[in-house]
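Asker: Next one to model:
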Amino acid sequence: MDVGYWHLLENGRIQCDLCPRHCHLSEGQKGVCFVRSRTHDTMVLDTYGRSSGFCVDPVEKKPLHHFLPGTPILSFGTAGCNLTCKFCQNWDISKSTHMDRLANRATPEEIARMAQASGSRSVAYTYNDPVVFLEYAVDVAQACREQGIRSVAVTAGYIHIKPAQRLFGQMDAANVDLKAFSDSFYQKMCGGHLQPVLDLLEYLVRETRVWVELTTLLIPGVNDSPEELHAMTQWIVQSLGPGVPLHFSAFHPDWKLRDLPPTPLATLIRACEIARNNGIHHVYAGNVHNRQWGSTFCHTCRQLLIERSGYVLGKWHLDNQGRCLSCQTPCPGIFEPTPGTWGAKRLPIKVPHC
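Answerer: Model (predicted):
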């Protein structure tokens, strides 16, 4: 499929303008993402209509704790990524250069029907980054919206603002990976830069209606110093506001970073405490079972609002307008009058071609 966000250079190459990498392509070359390529004098998205698989998950797995809690979400991705994170947890999909991994073909309309038939309240563009399959994601989101199904981007946020306006104009929520608060980390570990991610976050929170949550994967001895966590969480409060939820997720050795230990629970709790002390209202510890740092509390009276054990919801203390039943303080997010009951189930599904 022909795509936009490129221009022809004086030397005859094409420059991709989707993300800050600005890949320069000669005939037949692919970008770093490996899915956007030059064919003759245009850019082509090689993965349009092709997926690495479909699965119904709990929305909390994305992770999203303030967006339709307890509901099922249809998750899918394609292949490729425009960052080169050495610690990638989905490297077999996002780093794949083999299109034969994309065994599932599905039109946007078929995905919308799958979501509806499975009872999913939303669709997640995940596993790899929807930035690199923007046009497919946009078409799927439009088809889903016609069926009353919402859309969620799970993304590293490495994209220019103009294409971001198109992508996130169709999204209802996003979980954005803020991988660290150091440009040197982004350069050495991800092959990118920090500032474009910060720019996108400010755009999403200040200029769109997209519900935003953040995730930072804490890597022991790499991006978990108290100094960096203080700087990051202070920036979040000052630039995005205290109501944007932040998830600190536990690292496990993978891809090209197998020589480091998993993240200790104590490190996650320390990070959560730093964030809360700096004014972030809702902070969570991810990839671990910890009710204290997995549950949602009212930031005014500290009443337990949504109890979680892993992906399973327990006590619910919100009224039908998303306010604390004890003090009437609104809990930021997008809530339905009652919580969903999907639980921790994971349900792989196949494309029911007509």
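Asker: can you map out the strands along the stretch 101-250 of the chain?
Answerer: Counting by DSSP state E, counting those that start in this stretch, the stretch 101-250 of the chain has strands at residues 104-105, 122-125, 150-155, 173-177, 211-218, 246-250.
Asker: helices or strands next to the second one in the packing?
Answerer: So that's strand 122-125. In terms of contacts (3 or more Cβ pairs under 8 Å, 6 or more residues apart in numbering; DSSP states H and E), strand 122-125 is packed against strand 72-77, helix 108-118, helix 134-146, strand 150-155. Where C-beta positions appear, they are placed from N, C-alpha and C, glycine not excepted.
Asker: Return the set of buried residues in the longest one.
Answerer: When you say that, I think you mean helix 134-146. Taking 16 or more other Cβ atoms under 10 Å as the neighbour-count basis, helix 134-146 is seen to contain the buried residues Leu134, Glu135, Tyr136, Ala137, Val138, Asp139, Val140, Ala141, Ala143, Cys144.
Asker: tell me the angle it makes with strand 72-77.
Answerer: Between the axis of helix 134-146 and that of strand 72-77 there is an angle of 160 degrees, by axes from the mean of the first three to the mean of the last three Cα atoms, to 10 degrees.
Asker: Need the contact partners of helix 134-146.
Answerer: Contact with helix 134-146 is made by 1, 3-5, 18, 45, 47-49, 78, 108-109, 111-112, 115, 122-123, 125, 130, 150-151, 153, 159, 163, 166-167, 170-171, as judged by Cβ atoms under 8 Å, 6 or more residues apart in numbering.
Asker: so what's the closest residue to Pro262 other than its chain neighbours up against?
Answerer: Spatial nearest neighbour of Pro262, excluding adjacent residues (Cβ to Cβ, 6 or more residues apart in numbering): His252 at 4.9 Å. Taking Cβ under 8 Å, 6+ apart as the definition of contact, the neighbours of His252 are Gln89, Pro262, Thr263, Asn287.
Asker: before we move on, which element is the nearest residue to Ile349 once chain neighbours are set aside in?
Answerer: Excluding its sequence neighbours, the residue lying closest to Ile349 (Cβ to Cβ, 6+ apart) is Phe54, at 5.1 Å. Secondary-structure assignment from DSSP states H and E places Phe54 in strand 53-58.
Asker: So which other helices or strands are in contact with that strand?
Answerer: Secondary structure elements in contact with strand 53-58, counted by 3+ Cβ pairs under 8 Å, 6+ apart, are strand 72-77, helix 108-118, strand 347-349.
Asker: out of those, deepest packed?
Answerer: A comparison of the helices and strands packed on strand 53-58 by mean neighbour count, using mean count of other Cβ atoms under 10 Å, puts strand 72-77 on top with a mean of 26.
Asker: gap between Ile161 and Tyr5?
Answerer: As defined by Cβ to Cβ, to the nearest Å, Ile161 lies at a distance of 11 Å from Tyr5.
Asker: Between the two, tell me which one has more neighbours.
Answerer: Under the criterion of other Cβ atoms under 10 Å, the comparison of Ile161 against Tyr5 puts Tyr5 first, with 18 against 13.
Asker: Go ahead and confirm the more buried one touches Lys162.
Answerer: Yes - using Cβ atoms under 8 Å, Tyr5 and Lys162 qualify as a contacting pair, with a distance of 7.5 Å.
Asker: So for the two, which residues contact both of them?
Answerer: Taking Cβ under 8 Å, 6+ apart as the criterion, Tyr5 and Lys162 both touch Asp17.
Asker: ok, and the closest non-adjacent residue to Met1?
Answerer: Across the structure, with Cβ to Cβ, 6+ apart as the measure, the residue nearest Met1 apart from its sequence neighbours is Tyr48 (4.0 Å).
Asker: Repeat that for Thr215.
Answerer: Excluding its sequence neighbours, the residue lying closest to Thr215 (Cβ to Cβ, 6+ apart) is His247, at 4.4 Å.
Asker: partner residues bridging that neighbour?
Answerer: On DSSP bridges, the residues paired with His247 through beta bridges are Thr215, Tyr284.
Asker: Determine the number of other residues adjacent to it.
Answerer: Burial of His247, expressed as a neighbour count using other Cβ under 10 Å, amounts to 26.
Asker: Equivalent analysis for Ile149, please.
Answerer: When neighbours are defined as other Cβ under 10 Å, Ile149 has 23 of them.
Asker: and Ala344, which of the three is it?
Answerer: Following DSSP: H, G, I helix; E, B strand; the rest coil, the label given to Ala344 is coil.
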